[in-house]
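Participant: sequence unknown, structure follows:
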């Protein structure tokens, strides 16, 4: 169905893509999500999947630490840019380098632009609100004027560095980038109990969900420890894969994994090798030709 095929019934449904549910979004929308959408002047379907992971991670980290998820603080840690496709109406949010919202986020969501659904809200007013979109948001780009931080957002989020990063030493001399405080893993959003505990799902009452949720998915376990364990497991998996291939002459580290490491003083210079010169197959190598060195002409001295 094209975007404008059913104009007469447009107010009776909204459009969203399948990956938004896989990313963890649930309806009705959480209050903090509506504030972020309103702050950026964007609709639900205009945001890419990883943008939703950023938003949901921010909200869950705040909720589970009894902090109000401020839009102004979120905007100070991200910048909005256009994404390809979507008739020029898709956007993505990138986290500034000194901040981290989620552990081991998926780098690409293949095929997410091909699977859309039509859903209907209980009221026409909600349908009109949810299907609204805007192609010229005000907070676009890294140099746009940002909203003023509230005192609470400054004191609870920005000044304590709630989403800032630090480094953790590994046993082999390398360092991995870790969050200073607890942040979630995207896999947690597949758990309805976890979403309910953060107020993002209505499947369970929030008070009951907080009692049922796995403590390993809460700030009870250090996010730095979680990320360090994940890095060690990945490193072991890469070594096992190399050993199966019968050697480690070529080591290919996934791009998302290599970004975790800061190697100190590592020389990545390239060494050039001269190709061997052979005659016919099976014959020995030809001797390397001797190039005479230039000698000064005595007649010119």
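Facilitator: Noted; the coordinates are in hand. All values derive from a computational prediction rather than experimental measurement. Numbering: from 1, shown residues only.

Participant: Give me the buried stretch members for the lengthiest helix in the chain, please.
Facilitator: Selection of the longest helix in the chain by residue count, based on DSSP state H, yields helix 223-244. Along helix 223-244, the positions that meet the burial threshold by neighbour count (16 or more other Cβ atoms under 10 Å) are 223-224, 226-228, 230-231, 234-235, 238. For glycine as for every other residue, the C-beta is placed from the backbone atoms N, C-alpha and C.

Participant: and what of stretch 89-99?
Facilitator: Using 16+ other Cβ under 10 Å, the residues of stretch 89-99 that count as buried are 89-93, 95, 99.

Participant: Stretch 205-225 now?
Facilitator: Neighbour counts over stretch 205-225 (16+ other Cβ under 10 Å) mark 209-210, 213, 217-218, 223-224 as buried.

Participant: Could you do stretch 22-37 as well?
Facilitator: 22-26, 29-30, 32-33, 35-37.

Participant: Out of the residues you listed, name the ones that lie in helices.
Facilitator: 22-23, 32-33, 35-37.

Participant: May I ask which two of those are separated the most?
Facilitator: 22 and 35 (23.3 Å; Cβ to Cβ).

Participant: Around residue 119, count how many other residues there are.
Facilitator: 12 (other Cβ atoms under 10 Å).

Participant: Touching, residue 152 and residue 68? I think so.
Facilitator: Yes. With contacts counted by Cβ atoms under 8 Å, residue 152 reaches residue 68, the gap being 6.3 Å.

Participant: In three-state terms, how would residue 135 be classified?
Facilitator: Each residue gets one of three states, and residue 135 gets coil by DSSP: H, G, I helix; E, B strand; the rest coil.

Participant: leaving aside the residues next to it on the chain, what's closest to it?
Facilitator: With sequence-adjacent residues excluded and distances taken as Cβ to Cβ, 6 or more residues apart in numbering, residue 135 is closest to residue 89, at 5.0 Å.

Participant: per-residue confidence at the one you found?
Facilitator: Residue 89 is assigned a predicted lDDT (pLDDT) of 80.

Participant: Same question for the one 5 residues further on.
Facilitator: Looking at residue 94, its pLDDT reads 91.

Participant: Contact partners for residue 29?
Facilitator: By Cβ atoms under 8 Å, 6 or more residues apart in numbering, the contact set of residue 29 is 37, 44, 130.

Participant: Repeat that for residue 205.
Facilitator: For residue 205, the contacting residues are residue 196, taking Cβ under 8 Å, 6+ apart as the criterion.

Participant: can you pull out the helices in the stretch 151-300 of the chain?
Facilitator: Counting by DSSP state H, counting those that start in this stretch, the stretch 151-300 of the chain has helices at residues 151-153, 192-197, 206-212, 223-244, 255-258.

Participant: helices or strands next to the third one in the packing?
Facilitator: If contacts are counted by 3 or more Cβ pairs under 8 Å, 6 or more residues apart in numbering; DSSP states H and E, helix 206-212 sits against helix 192-197.

Participant: who does the helix it packs on touch, helix- and strand-wise?
Facilitator: Using 3+ Cβ pairs under 8 Å, 6+ apart, helix 192-197 is in contact with helix 206-212.

Participant: if I look at the residue nearest to residue 119 when sequence neighbours are not counted, how far off is residue 116?
Facilitator: Taking Cβ to Cβ, 6+ apart, and ignoring the residues beside it in sequence, residue 119 has residue 14 as its nearest neighbour in space, at 5.8 Å. If you measure residue 14 against residue 116 using Cβ to Cβ, to the nearest Å, the figure is 11 Å.

Participant: Please enumerate the shared neighbours of these two.
Facilitator: Here residue 14 and residue 116 have residue 45 as joint contacts, going by Cβ under 8 Å, 6+ apart.
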